[in-house]
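[1] next come a sequence and a model predicted from it.
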Amino acid sequence: MELNSQYQQRWWVLASLAFGILAVGLDMTILNLALPIMAQDMHATNAELQWFVDAYNLVFAALLLPMGMLGDRIGRKRMLLAGLLVFGAASLACAYAASPWELITARVFLGLGASLIVPLSMAVIPVMFAEKERPKAIAVWMMANAVGIPLGPILGGWLLNNYWWGSVFIINLPLVIVAITAVFFLLPETRSEERRPVDLPGVLISSSGLIGLTYGVIEAGERGWDDVIALASVLAGMLLLLWFIVYQARTPHPLVDPSLFRSRSFAGGTWIGSIISFALFGVLFALPQYLQAVLEMDALSAGLRLLPLVIGLLIGTPISDALQSRFGTRTAIVIGSVLLGIGLAMGSATDLSTGHGFTSIWISAVGLGIGLALPAAMDEAVSALTPERSGVGSALLMAMRQVGGTLGVAILGAVLSAGYRNHLNPDEWPAEAAEMAQRNLSSGLAAARQIGSDSLVHSAKTSFVGGMAYMLWVCAGAAVVGIVFAFCVLRARPVKSKNATTSLEAKE
């Protein structure tokens, strides 16, 4: 009876988990606005600033699969609580770090906490929710995860305008406390009843591959794609991950169920989700620069201009649930990807004279498209997971999305930089100023203002907008790939049965 009572409270459990997921989503972007202030206050070098961000991303990516496995074996509630506690303690340590390396160490533990929270909060969905309810549950989870990312600059801008830089980490604490309290009292303990030996080689190969690929992509974004170390790291990471897939098919006790690699639902949903994350992170990389450097807005104003993206996500997510219930996930993915592509194509027409109204329209279309397509892609992937292996399966899904987002920033950042440099006319710049301007927009604006030339300021801004147009066209192309993938890989799924039951109900 106690289990049945906890099952009836499943929506409260999901709502509480949404707070933890929101904190993780915020942490992905809220730090970026604080970096210039932290560089000054902590006397941090450029390399240390890079590690403020990368220490979190590397640990998060590397530990997703082993942490999902531990949740399946030890208990999802127990490991979720551990992850929330670590995330909260690390947030406090980040806020009061006195030196760059203290902050980097705290960010490592923040990544450890996130690697538990993200996959295991999703892993309870196929365990607790019936197939009929699952799209709505995933929509709630996705809304908390996706909204936190663009909300980070908005909340971060307000906090930095009113408080010290540590407040961008302190904001995690109330969210984590709510999640811990509700999970402790409301979430029933679930774990896999299978007792397989730990696939230690699989853990080491997958973690090493994810570290290599993520690190290489990060370095390529910083140093360029012709950097030997970056390319070697990317190649090594990809080879290790390919080895991992082959090894999982041959070992008697695999970390990941090999059938997932053959599942059209899991593979299709995962790849489409990664493609959408690729486009989303690229847009979020370019837009703040456009708003702050080109339009010369402060951090808070730039953050507020991203609100149409958040509103689009909020509107699109419940519509996605309705479309999935009536027409299946493929329809929701295709409609969302079409809207996403249209919004990105509209954004490519942005120039220096573009008004805020037009910008809000195309950003809203992007948010609406992502809100329609991403939850449906996640539901398609989660539908292939059994309650026994939901932790590892969810971790694999999130690892792919993390890689997609990281690739988005690096590849689309390179496209943006190349487009910016191609639009610059070196002949109109003095030699030293031209060399500075070719680095990035900030250097170009600084050089132009140093020599007091308004025409060169205009030239640098125009060049950046031209590069952003190239980048948005690549994002639109990714949306088209997602549409083709949906038609080629995903089956048209029937409307969900109203008589579906959850595994918890079955246990009763």
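    Structure's in. What do you need?
[2] where does the stretch 351-500 of the chain have low pLDDT?
    Low-confidence segments of the stretch 351-500 of the chain (pLDDT under 70): 387-391, 427, 437, 439, 492-500.
[3] if we use 90, what do you get?
    351-360, 371, 374-467, 485, 488-500 (pLDDT under 90).
[4] my read: Ser463 touches Tyr420, true?
    Yes - counting by C-beta atoms under 8 Å, Tyr420 is a contact partner of Ser463 at 5.0 Å. Bear in mind the C-beta positions are built from the backbone N, C-alpha and C, glycine included.
[5] who's more crowded, these two?
    Taking neighbours as other C-beta atoms under 10 Å, Ser463 and Tyr420 compare with Tyr420 leading, 25 against 21.
[6] which parts of the helix or strand containing the more buried one are buried?
    Per DSSP states H and E: Tyr420 is located in helix 390-423. Going by neighbour count (16 or more other C-beta atoms under 10 Å), the buried part of helix 390-423 is 390-413, 415-417, 419-421, 423.
[7] ok, back up a step: intersection of neighbour lists for Ser463 and Tyr420?
    Leu441 (C-beta atoms under 8 Å, 6 or more residues apart in numbering).
[8] where exactly do the helices run in the stretch 251-400 of the chain?
    Per DSSP state H, counting those that start in this stretch, the stretch 251-400 of the chain carries helices over the ranges 259-262, 264-289, 299-304, 307-327, 329-347, 356-382, 390-423.
[9] off-centre distance for the fourth one?
    This points to helix 307-327. The chain centre lies 18 Å from the centre of helix 307-327; the measure is C-alpha atoms, centre = their mean, to the nearest Å.
[10] quick check: angle from it to helix 329-347?
    Interaxial angle, helix 307-327 versus helix 329-347 (axes from the mean of the first three to the mean of the last three C-alpha atoms, to 10 degrees): 150 degrees.
[11] what sits up against helix 307-327?
    Applying C-beta under 8 Å, 6+ apart, the set of residues contacting helix 307-327 is 132, 135-136, 139, 142-143, 146-147, 150-151, 154, 283, 331-332, 335-336, 360-361, 363-373, 375-376, 379, 495-496.
[12] which among these end up buried?
    132, 135-136, 139, 142-143, 146-147, 150-151, 154, 283, 331-332, 335-336, 360, 363-373, 375-376, 379, 496.
[13] any idea how this structure splits into domains?
    2-187+255-428+455-507, 200-254 (automatic domain parsing).
[14] now the nearest residue to Leu85 once chain neighbours are set aside: how far from Ala349?
    Distance criterion C-beta to C-beta, 6 or more residues apart in numbering; nearest residue to Leu85, sequence neighbours excluded, is Ile180 at 6.9 Å. Going from Ile180 to Ala349 by C-beta to C-beta, to the nearest Å gives 47 Å.
[15] what's the neighbour count on Leu200?
    Residues near Leu200, counting by other C-beta under 10 Å, number 10.
[16] same deal with Leu231?
    16.
[17] hmm, it is touching Val217, no?
    No - between Leu231 and Val217 there is no contact under C-beta under 8 Å: 10.4 Å.
[18] what angle sits between the longest helix seen in the chain and helix 390-423?
    Determined from DSSP state H, the single longest helix within the chain is helix 454-489. Angle of helix 454-489 versus helix 390-423, following the same axes, to 10 degrees, is 140 degrees.
[19] starting at the chain centroid, how far to helix 454-489?
    For helix 454-489, the distance to the chain centre is 19 Å (C-alpha atoms, centre = their mean).
[20] mind listing what's buried in that helix?
    456-457, 459-476, 478-479, 481-483, 485-486, 489.
[21] same deal with stretch 280-298?
    280-294, 297.
[22] the helix holding Tyr420 packs against which elements?
    Applying 3 or more C-beta pairs under 8 Å, 6 or more residues apart in numbering; DSSP states H and E, we find helix 390-423 packed against helix 46-74, helix 100-128, helix 200-223, helix 264-289, helix 356-382, helix 454-489.
[23] TSV for those, including distance to Asp257?
    As requested, these are exported to TSV (distance: least, C-beta to C-beta, whole Å):
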stretch	distance to Asp257
helix 46-74	11
helix 100-128	13
helix 200-223	12
helix 264-289	9
helix 356-382	13
helix 454-489	19
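[24] so which of those helices gets nearest Ala431?
    helix 454-489 (13.1 Å; C-beta to C-beta).
[25] which other helices and strands contact that closest one?
    helix 264-289, helix 329-347, helix 390-423, helix 431-437, helix 441-450.
[26] helix/strand/coil for Arg191?
    Following DSSP: H, G, I helix; E, B strand; the rest coil, Arg191 is assigned to coil.
[27] leaving out sequence neighbours, find the closest residue to it.
    Counting by C-beta to C-beta, 6+ apart, Arg191 lies nearest to Gly75, which is 4.5 Å off, once chain neighbours are set aside.
[28] many thanks, have a good one.
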